[in-house]
Every structure is written in structure tokens, then in C-alpha cells.
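Enquirer: fold the following and give me the result.
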Amino acid sequence: MIFPGTFTSIDSLSSDERVQDSAAARALVNSVKHASLLWVAGFCCAIGAGGMIWLWWTWRHNFVWLLNKIFMPGCLNSIAGLMNTLVNVYSQQGGTWSVTAKVTAIVTGTTTLITGALFAIYNWGALGTVKRKHEVESRAFYGNGERERGGGFVEKMKRKADGPALEPGSVV
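Expert: Have a look, this model is predicted:
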């Protein structure tokens, strides 16, 4: 959210012939507005990534917590940052991509892909394995499970409707 404030707004000068002929003017057009914000944004990015990695390592055996507290929020926030970048480039910058805008889009897009992929891996891979193992153990305990738990789709939906609500904070 900090990076779009550093996008260059003088890129429209690049079509001027005087700017194209002058090395100093080209450097001005390719410069970064509010360079100090780049350091703040980079620092915030590094702190956020480090915190997410530390939390992932701390909670690496609790798949549901990771999905609900790290991967899904990380993916959704990075999508919001990417949309913010796109809106900024196409509304305030007239569709002109400065170097900073490109870097911001690459960083937020990469973060979206990484957290989205980790969400998919943990949701359908790791957590899916736990669910299948639970199903096998439940069948061993309850028998084939159809008589005790109602085997069909309609019975399962009735159980879900009559069962307790999801635990607060759980979406997986």
C-alpha cells in the first residue's frame, strides 16, 4: 500500500522531444518520486515476510491455523495490494508503468502466487491427507459408517444442517 505513493507522475513528459534529446531530462522522467518511501515500503515488506515465515515455522504442524491465519490472509492482502497498484497505474499514471510500479506489481504478484500456492498445497495436500486418515480411522471405529452416520448425500447434508456451527475464526 506504500509503494504506489512512489510512482512517477511526470512520465507524460517522455513524449516531449526536448526530453528525449536530453540525458538529464530522461533521468528525471525515469526517476522515483518520494524515494524515502521506497525504503519504508521495502522495510515493511521485509518485516511482513519475515513475520509470516516465523509464524509458519512456529505453527507448521497446525494446518488449519496456517490456512486461516497465514496463507489465506496473506493471499487476500497481496491481491488487494496488486489491485491497488493496478488502479494507481491506470487512474493516476494514465497507464504508464514506471520502474517502481513494475517492481511493486512483481512483488505483490509473486506474493499472491506464493501464498495462493501454499494455501492450495496445505488445504488439498496436507490437510486432505489428515482428512483421509481420519476417514479411514473413523470407518475402522464405526464399521463401514453408513448405518451409524447415514451414508448418502442427503443424510450427510441433514447432519451438517443439524450439527453445530463452525468454530469462530475457522473458515477451512
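
Enquirer: what's the longest helix in the protein?
Expert: When every helix of the chain is counted residue by residue (DSSP state H), the longest turns out to be helix 35-58.

Enquirer: from the contact counts, what lies against that helix?
Expert: helix 99-120 (3 or more C-beta pairs under 8 Å, 6 or more residues apart in numbering; DSSP states H and E). Yep, even glycine has a C-beta here, placed from its N, CA and C like the rest.

Enquirer: and the next element down the chain from the helix it packs on?
Expert: Past helix 99-120, further along toward the C-terminus, the next helix or strand under DSSP states H and E is helix 127-142.

Enquirer: okay, buried residues for that next one please.
Expert: L127 (16 or more other C-beta atoms under 10 Å).

Enquirer: on that earlier part again, and the next helix or strand after the longest helix of the chain, what does it pack onto?
Expert: For helix 35-58, the succeeding helix or strand toward the C-terminus, using DSSP H and E, is helix 63-66. The contact analysis (3+ C-beta pairs under 8 Å, 6+ apart) places helix 63-66 against helix 127-142.

Enquirer: helices and strands of this protein: which one bottoms out on pLDDT?
Expert: Averaged element by element with mean pLDDT, DSSP states H and E, the chain has its least confident helix or strand at helix 146-149 (a mean of 51).

Enquirer: how about W59, phi and psi?
Expert: With angles defined as degrees, to the nearest 10, W59 shows backbone torsions of phi -110, psi 20.

Enquirer: how about it: what's its closest non-neighbour residue?
Expert: Counting by C-beta to C-beta, 6 or more residues apart in numbering, the nearest residue to W59 once its immediate chain neighbours are dropped is W65, at 5.0 Å.

Enquirer: against E167, how distant is that neighbour?
Expert: For W65, the distance to E167 under the criterion C-beta to C-beta, to the nearest Å works out to 12 Å.

Enquirer: more crowded one of the two?
Expert: Relative neighbour count places W65 above the other of W65 and E167, with 16 against 8, counting by other C-beta atoms under 10 Å.

Enquirer: quick check, that one in contact with T58.
Expert: No - taking contacts as C-beta atoms under 8 Å, W65 lies outside contact range of T58: 9.7 Å.

Enquirer: that older thread, mind listing what's buried along the longest helix of the chain?
Expert: Within helix 35-58, the residues scored as buried using 16+ other C-beta under 10 Å are L37, L38, A41, C45, M52, W56.

Enquirer: and stretch 155-172, what's its mean pLDDT?
Expert: The average pLDDT for stretch 155-172 rounds to 76.

Enquirer: okay, that stretch in CSV with CA atoms only?
Expert: Taking C-alpha atoms only, stretch 155-172 is exported to CSV below (Å, rounded to 0.1, in the frame of the first residue of the first chain):
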residue,chain,number,x,y,z
GLU,A,155,-28.2,-37.8,5.1
LYS,A,156,-24.8,-36.1,5.2
MET,A,157,-26.4,-32.7,4.4
LYS,A,158,-29.0,-33.3,7.1
ARG,A,159,-26.2,-33.9,9.6
LYS,A,160,-24.4,-30.8,8.5
ALA,A,161,-27.6,-28.7,8.9
ASP,A,162,-28.4,-30.1,12.3
GLY,A,163,-24.8,-30.1,13.5
PRO,A,164,-23.1,-27.3,15.5
ALA,A,165,-21.9,-24.2,13.7
LEU,A,166,-18.4,-23.7,12.6
GLU,A,167,-15.9,-22.6,15.2
PRO,A,168,-15.3,-18.8,15.3
GLY,A,169,-12.3,-17.9,13.2
SER,A,170,-12.4,-21.1,11.2
VAL,A,171,-13.2,-20.9,7.5
VAL,A,172,-11.4,-24.1,6.3
